[in-house]
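Colleague: Based on what follows, work out the 3D shape:
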Amino acid sequence: MYGDSYFYRMKPFLLILVLLVFGCKEKTEAPVLETSEPKDVQSVEDTLAVYDFAGIEKYLHQSDGKTYVVNFWATWCVPCVKELPYFEALNQAYKEKGVEVLLVSLDFPKDYETRLRPFLKKHQLESKVLVLNDPDMNTWIPKVDENWSGAIPATLIYNATQRRFFEQPFTYIQLENEVQPFLN
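Modeller: Numbers count the residues shown, from 1 in each chain. Reported below is the predicted structural model:
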């Protein structure tokens with residue numbers, strides 16, 4: 001009756017519902033929520049620093065001469081995991097050109113120790129990883145971009161003069177093509 005288009009229209013709403021249901025459970029093993037300077041998470045010995053949106057928001061509005069590529073992702077999101085190597089490659093290739101990649105994990109608190117930390121250790125990500133745990137998505141999602149449905153992967157590319165938001169997965173070539181105009 002509704003066909004595939006109905007599912008695709010409802011997909012963002014279903015994602016938000018899933019995040020709300022699982023994101024609001026009691027956090028017995030989750031690290032303490034912080035809003036101070038995040039730590040890079042690159043080995044299992046490091047502490048996962050988890051932030052509410054207030055702690056992440058400053059990373060979405062910096063104007064220090066760099067171009068920022070902020071990717072919202074999770075380990076349970078297949079397209080997100082597939083595109084992570086492209087963000088890592090971009091980080092390496094454009095670091096000297098003033099580009100900084102920030103990876104904002106939206107993994108569920110119950111998965112920090114069992115899924116996120118092992119994933120970070122295995123893949124040895126060199127980009128800065130920030131962990132966002134703020135169940136009030138209706139408040140913070142429009143602060144990232146007013147048109148964002150909440151679906152991931154999602155990417156914000158910005159500098160002091162330009163800002164673009166993408167609710168889609170990327171290939172490396174697509175990502176590089178979107179970053180180029182920010183460097184001119």
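Colleague: Secondary structure element holding the most centrally placed residue in the chain?
Modeller: With distances taken as CA atoms, centre = their mean, Phe72 lies nearest the centre of the chain, 1.9 Å away. If you go by DSSP states H and E, Phe72 is part of strand 67-73.
Colleague: who's in contact with Tyr94?
Modeller: Contacts for Tyr94 (CB atoms under 8 Å, 6 or more residues apart in numbering) come out as 67, 179, 183. Just so you know, the C-beta spots here come from the backbone N, C-alpha and C atoms, and that holds for glycine as well.
Colleague: min pLDDT across those, which one?
Modeller: Among these, Leu183 has the lowest pLDDT, at 92.
Colleague: Surely that residue touches Val99?
Modeller: Yes - between Leu183 and Val99 there is a contact under CB atoms under 8 Å: 7.5 Å.
Colleague: returning to that earlier point: how about the CA coordinates for the strand holding Phe72, as CSV?
Modeller: The C-alpha trace of strand 67-73 is given here as CSV (Å, rounded to 0.1, in the frame of the first residue of the first chain):
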residue,chain,number,x,y,z
THR,A,67,37.9,24.3,8.1
TYR,A,68,36.1,21.7,10.2
VAL,A,69,34.5,18.5,9.0
VAL,A,70,32.2,17.2,11.7
ASN,A,71,30.8,13.7,11.1
PHE,A,72,27.9,12.4,13.2
TRP,A,73,28.2,8.6,13.2
